[in-house]
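**Q** 3D, please:
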Amino acid sequence: MEQELIMMQAGSHPALLERLKQLDDQTKKSLQHNEIEYERKLREIEDEYRYRNNIIFESTKKKIDDLKETMMKELLMLERKMEIEFASSDISKPAAASLIEANKKTLRGRGGVLVEPPTYFNSTPKAPQHTQQAPFVCLLKDSEVNADLKVCQILPSPVKGRRNYDVAFLKQKLSYEGKGYKQGEEIFLESSEYGKFTAKIENINERIVTFKASQPWDMRLLHMCTSDFVEGRVKVSKKKN
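**A** Modelled structure (predicted):
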């Protein structure tokens, strides 16, 4: 026993050496197992990351493609709408003259027309110039002129007067020939350019009434002012149920 105790203290006992060897083998196996488990877990995480990344990429790509397709459709619809509005616009109407406001310094410094009185900056006013009118010379005698005037009074006028229609733009309401038409009401619209078709009153203000064609395939949008109704270029009538 004393000899075994001495061997234990010295670390040379066979049982101790065997036990240490077993512990060393278990430690190596545990480290090897941990390393294998770490690599397996790392591969799982990488696979999960790639899988989720692919899903996000495909979803984002699909959303971008859908957004592009929607934008292209909206652009095509807007282009068609602009073409129809341009085709339906009445370019024969006289346009209002554009007024450009400018200060005195700009007009005087760049050779513009001076809009102030001629006394501006102590300038000398110019006397108004009278234009000389040409003398009136009649080549007919007074009796011949009187005879022509009598003939003009007897004969009927060759030009018939144009009928003016009774139109008024009220608050959210159009009054035409004694009948009222509300905003949002479907009516028959007849114009000299497009003929007769069903339309909806989109908007009514003090100057312009906007009509939109009722058919879903018809993108026409017409803006009509008071003169269009009064002069008969546009006519409206009730739509019978």
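**Q** Can you list the buried residues in the biggest strand by length in the chain?
**A** Counting residues, the longest strand in the chain under DSSP state E turns out to be strand 195-204. By neighbour count on 16 or more other CB atoms under 10 Å, the buried set for strand 195-204 is Ala199, Lys200, Ile201, Ile204. The way it works is simple: take the backbone N, C-alpha and C, and place the C-beta from them, glycine included.
**Q** With stretch 2-21 instead?
**A** Neighbour count says stretch 2-21 has His13 buried, by 16+ other CB under 10 Å.
**Q** Also stretch 210-230?
**A** Neighbour-count burial for stretch 210-230, with 16+ other CB under 10 Å as criterion, is recorded at Thr210, Phe211, Ala213, Met219, Arg220, Leu221, Leu222, His223, Met224, Cys225, Asp228, Phe229.
**Q** what's across from the third one in the sheet?
**A** It refers to Ala213. Counting by DSSP bridges, Ala213 forms beta bridges with Ala199.
**Q** So it sits against Met219, correct?
**A** Yes. Taking contacts as CB atoms under 8 Å, Ala213 lies within contact range of Met219: 7.1 Å.
**Q** Can I take it that Ile187 is in a helix?
**A** No. Using DSSP: H, G, I helix; E, B strand; the rest coil, the assignment for Ile187 is strand, not a helix.
**Q** so what's it up against?
**A** Tyr181, Thr198, Ala199, Lys200, Ile201, Val236, Ser237, Lys238, Lys239 (CB atoms under 8 Å, 6 or more residues apart in numbering).
**Q** got a list of what the last one touches?
**A** Read that as Lys239. Lys239 touches Glu185, Glu186, Ile187, Phe188, Thr198, counting by CB under 8 Å, 6+ apart.
**Q** Isn't the last one up against Lys212?
**A** So the one you mean is Thr198. No. With contact defined as CB under 8 Å, Thr198 does not count as touching Lys212 (10.4 Å).
**Q** Please state the offset of the helix or strand hosting Leu20 from the chain centre?
**A** Assigned by DSSP states H and E, Leu20 belongs to helix 14-88. Computed by CA atoms, centre = their mean, to the nearest Å, the chain-centroid distance of helix 14-88 equals 41 Å.
**Q** That one - contacts with which helices or strands?
**A** strand 221-225 (3 or more CB pairs under 8 Å, 6 or more residues apart in numbering; DSSP states H and E).
**Q** Nice, that's everything, thank you.
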